[in-house]
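Asks: Here is a sequence together with a model predicted from it:
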Amino acid sequence: EVPSRSKDDQDIHLCSHLQKELILAAIDCLDHKSKTGGYLVYSTCSVLPEENENVVDYVLRKRHCKLVPTGLDFGVEGFTKYREKRYHPTLNLCKRYYPHTQYGWILCCQD
């Protein structure tokens, strides 16, 4: 099912670009010399793949990091494919929450 959109394509593109820049900057601030290497939680109030899986997949290709389980037993797995897009297989570790069942957002933890 295709999520409904309250943003136009230009808004989505701009938000996605900004989110990619912000998350890369956040990852660059993590202390890779710490015991765990640092954790980053990426959470949005959008269910659009362009602002979620696309962003996380981009980060996995641009930085040496990995997704780890959220430890949450509710929500549904993140998309590993959506329409013509194929994402990194570990995006199934992300959690999607929909407005009709919970609040609409996505959560993933990166190590």
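Replies: The structure has been received and is ready for your questions. As the structure is a computational prediction, the values presented were derived from the model and not from experiment.
Asks: For the rest of this, base every contact and every neighbour count on C-alpha atoms.
Replies: Will do.
Asks: So, low pLDDT: which residues of the protein?
Replies: In the predicted model, the chain carries pLDDT under 70 at residues 1-6, 101-111.
Asks: same thing but at 90, please
Replies: 1-9, 11, 29-47, 64-66, 68-76, 95-111 (pLDDT under 90).
Asks: Tell me where it has strands.
Replies: Counting by DSSP state E, the chain has these strands, from start to end: 40-44, 67-68, 76-77, 81-82, 85-86, 95-97, 105-110.
Asks: most tightly surrounded among these?
Replies: strand 95-97 (a mean of 22; mean count of other CA atoms under 10 Å).
Asks: Packing partners of that one?
Replies: The contact analysis (3 or more CA pairs under 8 Å, 6 or more residues apart in numbering; DSSP states H and E) places strand 95-97 against strand 76-77, strand 105-110.
Asks: what number of residues lie near residue 51?
Replies: Residues lying near residue 51 (other CA atoms under 10 Å) number 22.
Asks: which helix is the longest one in the chain?
Replies: Looking across the chain with DSSP state H, the single longest helix is helix 9-29.
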